[in-house]
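A.B. asks: Sequence first, predicted coordinates after that:
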Amino acid sequence: METAVIKKRLRTFMSPKGSLASVSNEVALEVLKGWESWTGPGIEYAREIGISGSQLGTMIQKGKGLIKKGIVTESEFKELS
């Protein structure tokens, strides 16, 4: 997903002071997938989507936890016949 879209979705969960609260599972997974496909340093990805490095770490941890617990599937791959 494009970083501008992720940035806009994250802004809906951001307080006026800049902290993230109650980020949805869907957005956490989008941040994780975007981070996994990012080719540069992680801090640059965090700046690109408008959050701090520690906030990025928290989002990645939440996304990986969701996948590990089986709450969501890692990919929705469907083979075309």
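C.D. replies: Thanks, I have it. Numbering: from 1, shown residues only.

A.B. asks: got a list of what the closest residue in space to Thr58 that isn't next to it in sequence touches?
C.D. replies: Spatial nearest neighbour of Thr58, chain neighbours left out: Leu20 (7.6 Å); criterion: Cβ to Cβ, 6 or more residues apart in numbering. Every C-beta, even on glycine, is put in place using the N, C-alpha and C of the backbone. By Cβ atoms under 8 Å, 6 or more residues apart in numbering, Leu20 lies in contact with Leu10, Phe13, Met14, Ile51, Gln55, Thr58, Met59.

A.B. asks: switch the cut-off to 6 Å
C.D. replies: Neighbouring residues of Leu20 by Cβ atoms under 6 Å, 6 or more residues apart in numbering: Phe13, Met14, Gln55.

A.B. asks: Then Lys64 would be within a helix, right?
C.D. replies: Yes - assessed by DSSP: H, G, I helix; E, B strand; the rest coil, Lys64 belongs to a helix.

A.B. asks: Pull up the gap between the closest residue to it other than its chain neighbours and Pro16, please.
C.D. replies: Among residues not flanking Lys64 along the chain, Leu32 sits closest, at 6.6 Å (Cβ to Cβ, 6+ apart). According to Cβ to Cβ, to the nearest Å, Leu32 stands 26 Å off from Pro16.

A.B. asks: repeat for Ile43
C.D. replies: From Ile43 across to Pro16, the span is 24 Å (Cβ to Cβ).

A.B. asks: what does Gly53 give?
C.D. replies: Taken as Cβ to Cβ, the span from Gly53 to Pro16 is 21 Å.

A.B. asks: quick one, which of these two is more surrounded?
C.D. replies: Comparing Gly53 with Pro16 by neighbour count (other Cβ atoms under 10 Å), the higher total belongs to Gly53, at 14 against 5.
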